[in-house]
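*Asks:* whatever this is, show me its structure:
(2 chains)
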Amino acid sequence: DAKTTQPPSMDCAEGRAANLPCNHSTISGNEYVYWYRQIHSQGPQYIIHGLKNNETNEMASLIITEDRKSSTLILPHATLRDTAVYYCIVRLRSNDYKLSFGAGTTVTVRA
Amino acid sequence: EAGVAQSPRYKIIEKRQSVAFWCNPISGHATLYWYQQILGQGPKLLIQFQNNGVVDDSQLPKDRFSAERLKGVDSTLKIQPAKLEDSAVYLCASSFGTGTRTEAFFGQGTRLTVV
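*Replies:* Purely as a prediction, here's the structure:
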């Protein structure tokens, strides 16, 4: 699996957009970018995934650069409930391949 | 739909004792994962099942940890004997085994304290 690099922590103001970066310079052509988050004392929660096109769902938007070496998860209007550890993961889109977590980014949304 | 169920939620044991955790995945999910999460770290994959078969157990300490998946549904993870460094949250997750739905759904986890 390709490795990812994320900042260890970041702060965000409530109501503002939160932009979470992830570097994955060794990603291969058939590997997807997945994002999960883990709120304190809960199991990780799936947010979104993509291959090369930008993706949006009810939780967030995923922007992947043209060379696919980095991506940004955007929480459009951060709330206090978005305070969590966010994990960027690169893997083949198949359940035959393991889902490996790194250290993630601790995002703190402040009122 | 019902989520991934895990039990117990909390367990305290003495070192060298044995312990077992149980997981009931979401109905119809072929893939089941067990993770260990030590405080302050990301989850570490211990073992991954696809139906009854093991896909990856490269990080499972096989001298003390064992896992099985009964009839491709429920799963148990056992530690025998436990060590102090096994204190962690043990997370179970499941996902569909085929098609486009590869996102994993996680249970609440079992917090193990070894004293």
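
*Asks:* from now on I want contacts and neighbour counts done on CA atoms only, so please keep to that.
*Replies:* OK.

*Asks:* how about A:V85, nearest residue that isn't a chain neighbour?
*Replies:* A:T106 (4.3 Å; Cα to Cα, 6 or more residues apart in numbering or on different chains).

*Asks:* tell me what the helix or strand containing the one you found is packed against?
*Replies:* Using DSSP states H and E, A:T106 sits within strand A:105-110. The contact analysis (3 or more Cα pairs under 8 Å, 6 or more residues apart in numbering or on different chains; DSSP states H and E) places strand A:105-110 against strand A:9-13, strand A:84-92.

*Asks:* try it again at 10 Å.
*Replies:* In terms of contacts (3 or more Cα pairs under 10 Å, 6 or more residues apart in numbering or on different chains; DSSP states H and E), strand A:105-110 is packed against strand A:9-13, strand A:18-23, strand A:31-38, strand A:84-92.

*Asks:* B:L32 bridge partners, please.
*Replies:* In this entry, B:L32 is beta-bridged to B:F49, B:S94, by DSSP bridges.

*Asks:* surely it is in contact with B:S75?
*Replies:* Yes. Judged on Cα atoms under 10 Å, B:L32 makes contact with B:S75 at a distance of 8.1 Å.

*Asks:* just give me the neighbour total for the residue nearest to B:L70 when sequence neighbours are not counted.
*Replies:* The shortest distance from B:L70 to any non-neighbouring residue, by Cα to Cα, 6+ apart, is to B:N52 (7.1 Å). By other Cα atoms under 10 Å in any protein chain shown, the residues close to B:N52 number 16.

*Asks:* winner for burial among the helices and strands packed on strand A:105-110?
*Replies:* strand A:84-92 (a mean of 24; mean count of other Cα atoms under 10 Å in any protein chain shown).

*Asks:* first-to-last residue distance for stretch A:83-97?
*Replies:* This stretch, stretch A:83-97, spans 29 Å end to end (Cα to Cα, to the nearest Å).

*Asks:* need the helices and strands packed on strand A:105-110 in TSV with mean pLDDT, can you?
*Replies:* As requested, these are exported to TSV (pLDDT from 0 to 100):
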stretch	mean pLDDT
strand A:9-13	96
strand A:18-23	97
strand A:31-38	94
strand A:84-92	93
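
*Asks:* who are the neighbours in contact with B:S87?
*Replies:* B:11-13, B:15, B:36-39, B:111-115 (Cα atoms under 10 Å, 6 or more residues apart in numbering or on different chains).

*Asks:* hang on, the earlier thing: which residues are common contacts for B:L32 and B:S75?
*Replies:* With Cα under 10 Å, 6+ apart as the test, B:L32 and B:S75 both reach B:23-25, B:49, B:52, B:69, B:92.

*Asks:* no further queries at this time; thank you.
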